[in-house]
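Engineer: Need a 3D model of the following:
(2 chains)
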There are 2 protein chains.
Amino acid sequence: MIRFEILQQSRISHARLGRLHTPHGVVETPAFMPVGTQASVKTLSQDELEQLGYTLILGNTYHLYLRPGDERIARLGGLHRFMSWSGALLTDSGGFQVFSLAGLRQLDDDGATFRSHIDGSEHRLTPERSIEIQQNLGSDIMMAFDECPPYPASYDEVARATERTFRWAMRCKQAWLANPNGQSLFGIVQGGVYENLRLTSLEQITALELPGYAIGGVSVGEPVEAMRQVVSFVAPRLPADKPRYLMGVGTPEDILHAVQRGVDMFDCVLPTRLARHGAVFTTRGRLNLRNAQYRERQEPIDPDCDCWVCQRYTLAYIHHLFRAGEMLGLRLATYHNLAHYARWMARIREDIRIGII
Amino acid sequence: MIRFEILQQSRISHARLGRLHTPHGVVETPAFMPVGTQASVKTLSQDELEQLGYTLILGNTYHLYLRPGDERIARLGGLHRFMSWSGALLTDSGGFQVFSLAGLRQLDDDGATFRSHIDGSEHRLTPERSIEIQQNLGSDIMMAFDECPPYPASYDEVARATERTFRWAMRCKQAWLANPNGQSLFGIVQGGVYENLRLTSLEQITALELPGYAIGGVSVGEPVEAMRQVVSFVAPRLPADKPRYLMGVGTPEDILHAVQRGVDMFDCVLPTRLARHGAVFTTRGRLNLRNAQYRERQEPIDPDCDCWVCQRYTLAYIHHLFRAGEMLGLRLATYHNLAHYARWMARIREDIRIGII
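Structural biologist: From the prediction side, this is the model:
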């Protein structure tokens, strides 16, 4: 089980400095989790993630269930051992991917039937099966199986999904407690952009008294202002003594905004996915490495960055790697972006500590 | 300029232990050079190449001329600085790629006109231009521009190519000496599988008194036995005091065979290219990581390998990475194969030292 310790509460915002104790080590919060969809944070080695200071990463239940299969991972000793990751792991429920990535075939009160994006084969996820998969994976934190409607969705659609999310959360809790095995379950607050649905969901989900709570149903296509409004509304209303996790967010600015509303945990593919498209974060803004203006630039991606990529390589070289289709380019950009995010989170924690955010 | 020091001559074969002093450090010979075609040894960082103990790598003139361009690299301080490689560099002449990769349009006594494999644009390489490009790249060792006919080729074709290779080598020498700038030029012995043409080429090329000599025109599609016969015939006849480089070879066994015939230097895409196809070298033979039999194997690629990949990851995990199309799989296999080659070369050097090969 996890234990969440709040070290300091900001006096000027909802921000808090915390420490999440997991069966696989301690995570300083607010924390950003790199996404390791298929048991790999794309292009990086686990050594590099450690070097970057990440102590908690995310694995995707939908992908790992399809390949290599949760039962196989269980036979191989669980996801930590399978991927040689001694830090903490959080797994999502698979729900979001079923709705966004797989071919959803049928959705009913019991669960969802979908087609694999790999081979078109038909599969079924229910709350119980999602938890069973996450138990096979052996993550430190499991997420409840929820229904996450895309944006925009009507009030009635979101109301039905929110109601279903609650009933599924109860079933997830039961499945979890039948075999807790040191794992923790987080509930997910849905409700789209409708404040009264958010409030209903919040009351229902927090009544389950779970070890942590997430804000779901954001980062599904809504404008950034709508997302921020939801976060501002929901986050401060979540139980103060439990970790709060904002799913799928976001830019450094979005993260800072949410931290000030009391969020402790984040995950997002943004830094890793953008990197593979050649977009990198710097202290002076975002650059696209493919841009011809970098062809002969002898400075690093970010002169203020202390990561080994910025210590060793010039913009001109990394630009060339992208133009030439060399995989090393993807690695260097990914490493740098995750270094940027790690530093950003460290600065946020320090700013909370000294009381300026 | 390079300086070649022979530390020990085997009493039971032509093998010798040597030390190649270059403007960018010392290379223990016999040495294997990883291939960094586009200023990157595919998937690996320069830190990793250093970690693996490589002190000399190869860059491809044809590719770097087309992208990012040799003049650009010159403006950026040369290839070492461009790619942040402080070890030694050898560049090929571009000839082999023009014949094998580009669309060769016209070949005459002056040079070759070809179409870029990138955008179809027309370009021309001559001996002088090849040397000029290599001077712009600033490699420690440049290769003479040669004509390398594919296998099989008739006696007359090979005879003409060998003759042209000699005339081009003289022009390369002149272009090199007009601006030596600390670089060294190696001549290339051609002659295909015809011993008397090899002998003619050997006499012509060695008469130029260059800092080193290569055996070219092998690894162009001929059977391995034909290659070995050429090496057995040519290598011992090359000047004993100069480094001998066998181009494009090969498997660990081919390398050992050639070392025993007196070869000092090798390059080959085999370990890196095979790795990207999932094939890895082990002390117990070659494995294909994509093979279903490795799905649940908990041991490393090679239990006798001390590389960090074998210290950290199981066959089951790397198999999964390959099946899932994760780039980390390519990295891990590449690193392991180059570790295998580095260890193989170290063992060859040790075996020469203790007098058993």
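
Engineer: Around chain B, which positions in the stretch 51-200 of chain A sit nearby?
Structural biologist: A:63, A:67-68, A:72, A:75-77, A:82-84 (Cβ under 8 Å from any Cβ of the partner chain). (Each C-beta comes from the backbone N, C-alpha and C, glycine too.)

Engineer: please redo it, this time with the cut-off set to 7 Å
Structural biologist: Contact residues (Cβ under 7 Å from any Cβ of the partner chain) of the stretch 51-200 of chain A with chain B: A:67-68, A:72, A:75-76, A:82-84.

Engineer: What subset of those residues is buried?
Structural biologist: Buried members of these, counted by 16 or more other Cβ atoms under 10 Å in any protein chain shown: A:67-68, A:72, A:76, A:82-83.

Engineer: Return the closest of those residues with respect to chain B.
Structural biologist: Minimum distance to chain B across those is 4.7 Å, recorded for A:Pro68 (Cβ to the nearest Cβ).

Engineer: Could you report the neighbour count for A:His117?
Structural biologist: If you count neighbours by other Cβ atoms under 10 Å in any protein chain shown, A:His117 ends up with 13.

Engineer: tell me which parts of the stretch 201-350 of chain A are close to chain B?
Structural biologist: So the stretch 201-350 of chain A meets chain B at A:295-296, A:298, A:312-313, A:316-317, A:320-321, A:323-324, A:326-328, A:330 (Cβ under 7 Å from any Cβ).

Engineer: Try it again at 10 Å.
Structural biologist: A:276, A:295-298, A:308-309, A:311-314, A:316-317, A:319-321, A:323-332, A:334-335 (Cβ under 10 Å from any Cβ of the partner chain).

Engineer: Narrow those to those that are buried.
Structural biologist: Listed as buried from these are A:276, A:295, A:297, A:308-309, A:313-314, A:316-317, A:319-321, A:323-324, A:326-332, A:334-335; burial here means 16+ other Cβ under 10 Å.

Engineer: What ranges does the stretch 201-350 of chain A have for its strands?
Structural biologist: Secondary structure of the stretch 201-350 of chain A by DSSP state E, counting those that start in this stretch: the strands cover A:212-215, A:244-246, A:265-267, A:279-282, A:285-288.

Engineer: Correct me if wrong, but A:Val193 is in a helix.
Structural biologist: No: read with DSSP: H, G, I helix; E, B strand; the rest coil, A:Val193 is coil and lies in no helix.

Engineer: where in the stretch 201-350 of chain A is pLDDT low?
Structural biologist: The stretch 201-350 of chain A contains no residues with pLDDT under 70.

Engineer: Which parts of it are helices?
Structural biologist: A:224-234, A:252-260, A:270-276, A:308-312, A:315-323, A:327-353 (DSSP state H, counting those that start in this stretch).

Engineer: just those: most buried one?
Structural biologist: Of these, the one with the most neighbours on average (mean count of other Cβ atoms under 10 Å in any protein chain shown) is helix A:315-323, at a mean of 23.

Engineer: Specify the angle between it and helix A:327-353 in degrees.
Structural biologist: Between the axes of helix A:315-323 and helix A:327-353, defined by axes from the mean of the first three to the mean of the last three Cα atoms, to 10 degrees, the angle is 120 degrees.

Engineer: helices or strands next to helix A:315-323 in the packing?
Structural biologist: strand A:285-288, helix A:327-353, helix B:70-75, helix B:79-82 (3 or more Cβ pairs under 10 Å, 6 or more residues apart in numbering or on different chains; DSSP states H and E).

Engineer: and of the ones you listed, who's closest to A:Asp109?
Structural biologist: Taking Cβ to Cβ, helix A:327-353 is the member of those nearest to A:Asp109, at 38.7 Å.

Engineer: Report the contact partners of whatever residue of the stretch 151-300 of chain A ends up closest to chain B.
Structural biologist: Per Cβ to the nearest Cβ, A:Glu296 is where the stretch 151-300 of chain A lies closest to chain B, at 6.2 Å. Residues in contact with A:Glu296 (Cβ atoms under 10 Å, 6 or more residues apart in numbering or on different chains) are A:314-316, A:319, B:68, B:72-73, B:75-76.

Engineer: related to what we said a few turns ago, next, format the strands of the stretch 201-350 of chain A as TSV and append distance to A:Gln134 and mean neighbour count.
Structural biologist: Below are these laid out as TSV (distance: least, Cβ to Cβ, whole Å; neighbours: other Cβ atoms under 10 Å in any protein chain shown):
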stretch	distance to A:Gln134	mean neighbour count
strand A:212-215	14	26
strand A:244-246	15	29
strand A:265-267	15	24
strand A:279-282	31	22
strand A:285-288	34	14
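
Engineer: Would you agree A:Ala161 is in contact with A:Tyr151?
Structural biologist: No: taking contacts as Cβ atoms under 10 Å, A:Ala161 lies outside contact range of A:Tyr151: 11.9 Å.

Engineer: what do those two both touch?
Structural biologist: Shared contacts of A:Ala161 and A:Tyr151, counting by Cβ under 10 Å, 6+ apart, come down to A:192, A:217.

Engineer: Which one of the residues of the stretch 51-200 of chain A next to chain B is nearest to A:Asp241?
Structural biologist: A:Met83 (31.5 Å).

Engineer: Isn't the closest one up against A:Thr37?
Structural biologist: No: using Cβ under 10 Å, A:Met83 is not in contact with A:Thr37, being 11.5 Å away.

Engineer: any shared contact partners between those two?
Structural biologist: A:59, A:64.

Engineer: roughly how far apart are A:Asp140 and chain B?
Structural biologist: Counting by Cβ to the nearest Cβ, to the nearest Å, the gap from A:Asp140 to chain B is 19 Å.

Engineer: actually A:Thr126, not the one I typed
Structural biologist: 25 Å.

Engineer: The nearest residue to that residue once chain neighbours are set aside: what's it in contact with?
Structural biologist: Distances taken as Cβ to Cβ, 6 or more residues apart in numbering or on different chains place A:Gly111 nearest to A:Thr126, at 3.3 Å, with adjacent residues excluded. Neighbouring residues of A:Gly111 by Cβ under 10 Å, 6+ apart: A:95, A:98, A:124-130, A:145, A:147, A:164, A:168, A:171.

Engineer: So which of these sit within strands?
Structural biologist: Mapping the contacts of A:Gly111 onto strands (DSSP state E) picks out A:124-125.

Engineer: and the contacts of A:Gly111, which are buried?
Structural biologist: A:95, A:98, A:125-130, A:145, A:147, A:164, A:168, A:171.

Engineer: Dump those residues to a markdown table, plus distance to A:Lys42.
Structural biologist: Conversion of the buried ones among the contacts of A:Gly111 to a markdown table gives the following (distance: Cβ to Cβ, whole Å):
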| residue | distance to A:Lys42 |
| --- | --- |
| A:Gly95 | 22 |
| A:Val98 | 21 |
| A:Leu125 | 24 |
| A:Thr126 | 29 |
| A:Pro127 | 29 |
| A:Glu128 | 31 |
| A:Arg129 | 27 |
| A:Ser130 | 24 |
| A:Phe145 | 25 |
| A:Glu147 | 28 |
| A:Arg164 | 32 |
| A:Trp168 | 30 |
| A:Arg171 | 33 |
